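Novice: predicted model, plus sequence, below.
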Amino acid sequence: MSETNLSEISFFEIINSALTYKFTIIALSVVIFFISFIPNFIFNKNYNYKIPVYKLSNAETSEFKTFDNILNSVSSKNKISVSLIPKLTQDYLLNEFISVFEEKSVLSNTIQELLNNDQKLRTYFKINTDSSNEEISQIAKKLSNIFKIEYKFEDNRGFKDILIEYNESEKGILNDLVNKIINNINIKVLNDIEKQVNEAAKNINLNNQLQIEKLKSQAELIKGTLLLQHQKNIIALKEQSIIAKSIGISESVENIETIKQEINPNNSDQQSYSIEINTTPRFTMGYKALDAEIQIFESRDLDRLELYDDELHETIVAISQLENNTSATNLLIALNSIPKKEDFRAVRVDLNFANVVSNNFVFSYKLPLLAFICSIIILTIFFAFYRAYISYSNNSREK
């Protein structure tokens, strides 16, 4: 090594240096290895955890079949009123769940509700009776930001991941918090469905009531017209009966010319009657028939005019059908067929916090391992140069 140049260190010299100072290199590397763990105790660790959110299976959606069947039946009769009510398909429930979850204000409000009512969460986040709503709201907003949605597809069966990014300070309560958030989101999906169904039932009742009022007005108008026509018919028949009696026609007469001769004799002093009409006058029936018809008209039940008029009958039938319309009731029955809040699930969620991984390089085992390897390499090279320098210095003094 007497001729060693500081700028030219051979691989053999590096190996030789490593063997010479191996205990020193290993000792220093071990010290660096443990020192590299210090950031784990100084800073909060950051973690990633993905919660797979799957569509419900066919078996799980079978409990919504009754709802969908009733909805189809009601839709055929009330297309406008129920057009906004969705069928509870696997895709709809998944997308509705995710859309509620993605709405940061909804998610934040959901978390704030939990912080207001759950004593375990209040204790963990140090919320007491003196904490203001604004402070609780800030904690809720901060927690809502740890959730993100990722979209994936697997075997043509769509599913989505809820990506959670959180630090060490939130780890202890995360499992409980996520479970309660998911339960609350499920309840909000159910509340949205209930709201739409109740709104549709309300619209059906309102629409039916408007139609009933319209038909009742129409029926009253028809009744008024029929009553007026009824009175006019009686007056007309009575007038015709008087005419028949005045000219002595008791039975039906078919020969109009004979009648004309009877009521228009060649006597200039007698009043002349004009019966220039296109059809045979009613008095030709004779006053006996006319009086009988008058009696029939007067004996009619004017409270049941629908018995004598098809249009009024059809209108009253339509009113009765609307008054007995069960569509709104059926919708509420359909709603009751859906599982209640404690059992309702819009999606399947896989919660397994054993799969948590660190999302920060400094908070993993990789940094200490890398530091250990790098320290061995650097120290080995350092001691190789150090030996070369010592050798070079000794050679210089000898010369």
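Specialist: Yep, that arrived. Numbering: from 1, shown residues only.
Novice: can we go C-alpha only for contacts and neighbour counts from here?
Specialist: OK.
Novice: what's the weakest-modelled helix or strand in the protein?
Specialist: One helix or strand of the chain scores below all others by mean pLDDT, DSSP states H and E: helix 256-263, with a mean of 49.
Novice: which stretches in the stretch 51-200 of the chain count as helices?
Specialist: Secondary structure of the stretch 51-200 of the chain, counting by DSSP state H, counting those that start in this stretch: helices at 58-61, 65-77, 90-102, 104-117, 119-124, 133-144, 168-246.
Novice: tell me the mean pLDDT over stretch 121-141?
Specialist: Across stretch 121-141, pLDDT averages out at 85.
Novice: which parts of that stretch are buried?
Specialist: Buried residues in stretch 121-141, defined by neighbour count with 16 or more other Cα atoms under 10 Å: 121-122, 127, 136-137, 139-141.
Novice: closest one to residue 372 among the helices of the stretch 51-200 of the chain?
Specialist: If you check each of these against residue 372 by Cα to Cα, helix 168-246 wins as the nearest, at 25.2 Å.
Novice: how does the chain divide into domains?
Specialist: 7-44+360-375, 208-262+277-329 (automatic domain parsing).
Novice: nearest to residue 104, of these?
Specialist: So among the domains of the chain, domain 7-44+360-375 is nearest, using Cα to Cα, at 24.4 Å.
Novice: pLDDT on the closest one, on average?
Specialist: The model assigns domain 7-44+360-375 a mean pLDDT of 72.
Novice: next: stretch 309-328.
Specialist: Taken as a whole, stretch 309-328 has a mean pLDDT of 90.
Novice: please enumerate residues in contact with that stretch?
Specialist: 74, 77-78, 200-202, 204-205, 208-209, 211-212, 215-216, 218-219, 222-223, 305-307 (Cα atoms under 8 Å, 6 or more residues apart in numbering).
Novice: need the buried ones from those selected in ChimeraX.
Specialist: This is the ChimeraX syntax for the buried subset of those, where burial follows 16+ other Cα under 10 Å:
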select :74,78,200,201,204,205,208,211,212,215,216,219,222,223,305,306
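Novice: would you mind giving the domains of the chain as CSV with distance to residue 67 added?
Specialist: Shown next, in CSV, are those (distance: least, Cα to Cα, whole Å):
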stretch, distance to residue 67
domain 7-44+360-375, 47
domain 208-262+277-329, 13
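Novice: and the next element down the chain from the strand or helix carrying residue 321?
Specialist: Here residue 321 sits within helix 310-323, counting by DSSP states H and E. Later in the chain than helix 310-323, the nearest helix or strand by DSSP H and E is helix 327-336.
Novice: could you find the closest non-adjacent residue to residue 93?
Specialist: residue 346 (5.1 Å; Cα to Cα, 6 or more residues apart in numbering).
Novice: quick check: pLDDT value at that neighbour.
Specialist: pLDDT for residue 346: 89.
Novice: give the contact list for it.
Specialist: If you count contacts by Cα under 8 Å, 6+ apart, then residue 346 has 55-56, 93-94, 97, 186, 189 around it.
Novice: now do the SS call for it.
Specialist: Counting by DSSP: H, G, I helix; E, B strand; the rest coil, the backbone at residue 346 sits in coil.
Novice: got the phi and psi for it?
Specialist: phi -90, psi -20 (degrees, to the nearest 10).
Novice: distance of residue 175 from residue 51?
Specialist: 11 Å (Cα to Cα, to the nearest Å).
Novice: more neighbours, these two?
Specialist: Higher neighbour count among residue 175 and residue 51: residue 51, with 19 against 14, using other Cα atoms under 10 Å.
Novice: would you check how far apart the residue nearest to that one when sequence neighbours are not counted and residue 350 are?
Specialist: In this structure, residue 51 finds its nearest non-sequential neighbour in residue 162, 4.9 Å apart by Cα to Cα, 6+ apart. Separation of residue 162 from residue 350 (Cα to Cα): 10 Å.
Novice: what of residue 203?
Specialist: To residue 350, residue 203 is 39 Å away according to Cα to Cα.
Novice: which one of those two has more residues nearby?
Specialist: residue 203 (17 against 12).
Novice: and the gap between that one and residue 196?
Specialist: Distance from residue 203 to residue 196, by Cα to Cα: 10 Å.
Novice: please enumerate the shared neighbours of those two.
Specialist: With Cα under 8 Å, 6+ apart, residue 203 and residue 196 have no common neighbours.
Novice: ok, now which ones touch residue 13?
Specialist: Contacts of residue 13 by Cα under 8 Å, 6+ apart are residue 384.
Novice: so it is in which element?
Specialist: Per DSSP H and E, residue 13 falls inside helix 11-20.
Novice: residues of that helix that come out buried?
Specialist: For helix 11-20, burial by neighbour count (16+ other Cα under 10 Å) applies to 13-14, 16-18.
Novice: quick check: the two most widely separated of those?
Specialist: Greatest spacing in these, by Cα to Cα: 13 and 18 (8.6 Å).
Novice: anything in contact with each of the two?
Specialist: residue 384.
Novice: coming back round to it: could you export the helices of the stretch 51-200 of the chain as CSV, including distance to residue 283?
Specialist: Formatted as CSV, the helices of the stretch 51-200 of the chain follow (distance: least, Cα to Cα, whole Å):
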stretch, distance to residue 283
helix 58-61, 77
helix 65-77, 52
helix 90-102, 75
helix 104-117, 83
helix 119-124, 96
helix 133-144, 92
helix 168-246, 5
